[in-house]
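In: A predicted structure for the sequence below; I have some questions about it.
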Amino acid sequence: MKMIVNGKFVDSSDKTVLEIVNPYTGKLYDTVPNASPKDVDLAVTTAHKGYLMWKDVPLVEKVGILKKFLDLVDKNKDDLALTLSCETGKPLSQAYAEIGNIRIGFEGFIEKAKHLYGNVVPFGTEAGQEKTLQLTLREPVGVVACIIPFNFPCDLFDQKVAPALLAGNAVVVKPPHQNPITLIKLVELLLKAGVPKEVVQVITGDGPKTGNSLACHPLVNNITFTGSTAVGIITYLNGAKNLSHTALELGGNDAFIVLEDADIDLAVEEMIWGRMYNNGQVCCASKRFLVQETVKDQFVKKAVERLKKLKVGDPLKKGTDISCLVTEAAAIRVENQIKKVIEQGGKLVLGGNRKGATIYPTLITDIPTSADVATDEEIFGPVVSVIPFKTVADAIKIANSSKFGLSGCVFTKDVTTAFNVVKQLECGGTVINGASFHRSFEMPFGGYKFSGIGTEGVMSTFDAVTKVKTITLKNILKPI
Ligand code: NAD
């Protein structure tokens, strides 16, 4: 498939391509252009022209176009879900859920866009300003570069593209290099729905070549990046060269704290949801299972029984719970991380094996706090790492010992303890009696420390993709 620049499906100017492999079958699925800096420049300069026309299109027209887009997504949902599953390896049921989220996300942003009210300051708040009226209003920033990771490409497309367009910006979408095709199809549908061809561009390519030139482009006014912390830092430095506002949603190593009075069955069910969904490739998945010593054996026994019931196999087959990671290389990385956890003192109770891109559900227990996984090593796969602790204070100390601070959760029947634990956690999102994997479109989502800068969601993204203009009407009051 080709990328879309100025409404045309095009190759890269240097004719290079990226091979997109179905990770489950290992077979070539398609190729996409590996966009050169020249292609990126064309996409961004076209988007800049698009911004100059789109910014003045009335909101009611923009909303009408995006609603048509949502109808087209509904009509094409089978093809979109199949594409997403084949290029990513996610179970088809989960691909359908992600396509279904497009309407939820876009409609949330559409409703909010109608309420981006400005402010009016009362007359005479300071001496000498008795005849002065001061107003604020929001204006688009210009060209928004949307750099998107592989794990939930459509969800993050919704989070970035919907508010940017509704606020009057033009967008350049940079899909993940492993699985870009579903996003090309979504951009095609935006154009079919009536978004002008200058306003939305999609450029495919690898990170160091395409992503890097996009983040460095002087006509990019805003970068919204979701991905790893390492690439986020590079992108932040690149954006700084042009003072592009940069929002970063990065990696995590979330703590899942189980206290001795917890409902263990509930904690185990939430572990399945919060660690196994999307084959364990979730930024805010629970990744460090801190379990109080007195209930550790009980938790491990029940968790293993439940993990054994998961169906591992073909993502397209009905009933599959766990399929494969996004690439075989990603699975090899997780396999090596599992070996390292064991070398560093963990005891393997279940799994640990790999077949192609598939990692079988794995549980490692009795991991010492000195192991890398207990602090900063993010494992992006279906691996439950159990770290025992003695006191609640110990659990908080271990949870906060990570450089990451995306989300965290605690299981206990004591609401006072629950509140005090989440209050102490150094992270952006907290959940009580549920896994930290909780992201609704309405809530602001973002991490502390090395997990990011800023938050995303209906409540907050419009602040990032707009600028505030003040208008002062001096001497507007006069006697009549
Ligand atoms: P990644 O950082 O490898 O890639 C993310 C995007 O950046 C891709 O589009 C990639 O092509 C591009 N890219 C790569 N190098 C680049 C460069 N030098 N300049 C500009 N762009 C470049 O991340 P990934 O492997 O796709 O995603 C997994 C990571 O993302 C995990 O760490 C996960 O925790 C994190 N993540 C965070 C959130 C969140 O909201 N906090 C959500 C999803 C994923």
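Out: Right, received. Where do you want to start?

In: next, the distance between the ends of stretch 431-445.
Out: Using CA to CA, to the nearest Å, one end of stretch 431-445 lies 13 Å from the other.

In: list the buried ones in it?
Out: V431, N433, G434, A435, S436, F437, H438, R439, F441, F445 (16 or more other CB atoms under 10 Å). C-beta here means a position set from N, CA and C on the backbone, and glycine is covered the same way.

In: which two of these have the greatest separation?
Out: The largest distance within the buried residues of stretch 431-445, taken as CB to CB, falls between N433 and F441 and amounts to 22.1 Å.

In: now do stretch 139-156: distance to the chain's middle.
Out: For stretch 139-156, the separation from the chain centroid amounts to 9 Å (computed by CA atoms, centre = their mean, to the nearest Å).

In: check whether it contacts the ligand.
Out: Yes. Using CB under 6 Å from any ligand atom, stretch 139-156 reaches the ligand at I147, I148, P149, F150, N151.

In: got those as a markdown table, with secondary structure and pLDDT columns?
Out: Output for the residues of stretch 139-156 next to the ligand, formatted as a markdown table (DSSP: H, G, I helix; E, B strand; the rest coil; pLDDT from 0 to 100):
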| residue | secondary structure | pLDDT |
| --- | --- | --- |
| I147 | strand | 98 |
| I148 | coil | 98 |
| P149 | coil | 98 |
| F150 | coil | 98 |
| N151 | coil | 98 |
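
In: does the residue lying closest to D30 once chain neighbours are set aside sit in a helix, a strand or a coil?
Out: Closest residue to D30 apart from its sequence neighbours, by CB to CB, 6 or more residues apart in numbering: I20 at 4.8 Å. Put simply, I20 is strand when judged by DSSP: H, G, I helix; E, B strand; the rest coil.

In: would you check how far apart I20 and the ligand are?
Out: I20 is 12 Å from the ligand, where distance means CB to the nearest ligand atom, to the nearest Å.

In: and that residue, what does it touch?
Out: L28, Y29, D30, T31, V32, E87, Q178, N179, P180, I181 (CB atoms under 8 Å, 6 or more residues apart in numbering).

In: next one: R306
Out: V268, E269, M271, I272.

In: quick one: the first one and Q298 touch, right?
Out: No. At 9.6 Å, V268 does not count as touching Q298 under the criterion of CB atoms under 8 Å.

In: between those two, tell me which one has more neighbours.
Out: Higher neighbour count among V268 and Q298: V268, with 22 against 15, using other CB atoms under 10 Å.

In: OK, contacts around that one?
Out: So V268 contacts F299, K302, A303, R306 (CB under 8 Å, 6+ apart).

In: just these: which are in helices?
Out: Within these, residues falling in helices by DSSP state H are F299, K302, A303, R306.

In: okay if I get those as TSV plus distance to the ligand and pLDDT?
Out: Listed next are these as TSV, based on distance: CB to the nearest ligand atom, whole Å; pLDDT from 0 to 100:
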residue	distance to the ligand	pLDDT
F299	24	98
K302	27	98
A303	22	98
R306	24	98
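
In: among the residues of stretch 139-156 next to the ligand, which one sits closest to the ligand?
Out: P149 (3.2 Å; CB to the nearest ligand atom).

In: excluding sequence neighbours, find me the nearest residue to the closest one.
Out: G227 (4.3 Å).

In: number of nearby residues for the one you found?
Out: 22.

In: then V458?
Out: V458, neighbours per other CB under 10 Å, totals 22.

In: how close does it get to L70?
Out: 16 Å (CB to CB, to the nearest Å).

In: can you get me a residue count around V415?
Out: Neighbours around V415, by other CB under 10 Å: 10.

In: actually F106, sorry about that
Out: 24.

In: just the element for it, please.
Out: Using DSSP states H and E, the element containing F106 is helix 92-113.

In: pull the CA atoms of that helix into CSV?
Out: The C-alpha coordinates for helix 92-113 follow below in CSV (Å, rounded to 0.1, in the frame of the first residue of the first chain):
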residue,chain,number,x,y,z
LEU,A,92,-9.5,-10.3,15.9
SER,A,93,-12.0,-9.7,18.7
GLN,A,94,-9.6,-7.1,20.2
ALA,A,95,-9.1,-5.5,16.8
TYR,A,96,-12.9,-5.1,16.4
ALA,A,97,-13.0,-3.5,19.9
GLU,A,98,-10.3,-1.0,18.8
ILE,A,99,-12.2,-0.2,15.6
GLY,A,100,-15.3,0.3,17.7
ASN,A,101,-13.5,2.8,19.9
ILE,A,102,-13.0,5.1,17.0
ARG,A,103,-16.7,6.3,17.3
ILE,A,104,-16.5,6.6,21.1
GLY,A,105,-13.3,8.7,20.9
PHE,A,106,-14.3,10.9,18.0
GLU,A,107,-17.7,11.6,19.4
GLY,A,108,-16.2,12.5,22.8
PHE,A,109,-13.9,15.1,21.2
ILE,A,110,-16.8,16.4,18.9
GLU,A,111,-18.9,17.1,22.0
LYS,A,112,-16.1,18.8,23.8
ALA,A,113,-15.1,20.9,20.7
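
In: nothing else from me, thank you.
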